[in-house]
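> coordinates only, sequence not included:
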């Protein structure tokens, strides 16, 4: 697939911020109550001044009108987020599962939706934030779907369908995802390194933070030039997915302070 280098949005952190957390790929739904409970505990206890939710917060989002259904999981999830947003700054970015999140979500939660990608200016550096799916160029079938699914006209056509039909499609998506996991073929393809470097250059940033691949790791894309800051290191930091309902539970955040990045595991012992 061809490479598109977007012009990123920009968010300058308020001077009072001391700690920022990044999370992604929680895939929240009613069938994973332990993951939902862990996320709620995290939002209650994190010391972060701001939390960035970098996509796939929900397993599937079928449209903002789902919030109007009494007792819907979407309504309960947004109530949880609204309470958290009343205590600290929260930001959301679309993922490949919740790209239909719209203005109704923001109205229900008070959480703004960021462009993908967005540069966060914090602690004297520029941090490029993305869900990461647009950079997985080897996943050709998905890239074709993504180009269609992010088109406003296509989204309007989908959202015009009855909510019940969209919920049925959402259940099909969940079933297909679970089948891929069980078969061991749930790999999304990794981020393309030349594409990541091109995005960093366009954003004048030295570090990319993203999710999507479920392959948490820290990568050095280019080492620092010896003898000074003329050519700083370029790095890529991949967030972990969350699943506290799994036999191998996992959850964690990437925490940023003026001292640097730290991975914080949130799996109960």
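Sure thing, it's come through. Computed from a prediction, not measured in an experiment: that's the story for all the values here.

> Show me the shaky parts of the stretch 101-250 of the chain.
177, 179-188, 227-230 (pLDDT under 70).

> Apply 50 and report the result again.
For the stretch 101-250 of the chain, no stretch is flagged by pLDDT under 50.

> Would you map the helices across it?
103-109, 140-149, 152-159, 163-183, 193-203 (DSSP state H, counting those that start in this stretch).

> Mind putting those helices into CSV with distance to residue 66 and mean neighbour count?
Yep, even glycine has a C-beta here, placed from its N, CA and C like the rest. Shown next, in CSV, are these (distance: least, Cβ to Cβ, whole Å; neighbours: other Cβ atoms under 10 Å):
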stretch, distance to residue 66, mean neighbour count
helix 103-109, 9, 17
helix 140-149, 18, 13
helix 152-159, 11, 12
helix 163-183, 6, 13
helix 193-203, 32, 17
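
> Of those helices, give the one that comes closest to residue 241.
Shortest distance between residue 241 and the helices of the stretch 101-250 of the chain, using Cβ to Cβ, is found for helix 163-183: 10.8 Å.

> hmm, who's touching that closest one?
By Cβ atoms under 8 Å, 6 or more residues apart in numbering, the residues outside helix 163-183 that reach it are 29, 31, 59-60, 62-63, 65-66, 69, 97, 158-159, 186.

> wait, doesn't residue 189 sit right on residue 136?
Yes. Assessed by Cβ atoms under 8 Å, residue 189 is found in contact with residue 136 at 4.4 Å.

> Mutual contacts of the two, please.
142, 213.

> Of those two, which one has the most company?
Taking neighbours as other Cβ atoms under 10 Å, residue 189 and residue 136 compare with residue 136 leading, 23 against 17.

> Of all the helices of the stretch 101-250 of the chain, which one comes closest to residue 126?
Comparison of the helices of the stretch 101-250 of the chain against residue 126 by Cβ to Cβ identifies helix 193-203 as nearest, at 6.5 Å.

> Residue 60: neighbouring residues, count only.
Neighbour tally, residue 60, other Cβ under 10 Å: 22.

> What of residue 54?
A count of nearby residues for residue 54, using other Cβ under 10 Å, gives 28.

> didn't it look like it was pressed against residue 213?
No. The pair residue 54 and residue 213 fails to qualify as a contact (Cβ under 8 Å) at a distance of 11.9 Å.

> overlap in contacts of the two?
residue 132.

> Going along the chain, name the strands of the chain.
9-12, 19-23, 50-53, 89-93, 113-114, 118-122, 125-129, 207-210, 217-222, 234-238, 252-257, 260-265 (DSSP state E).
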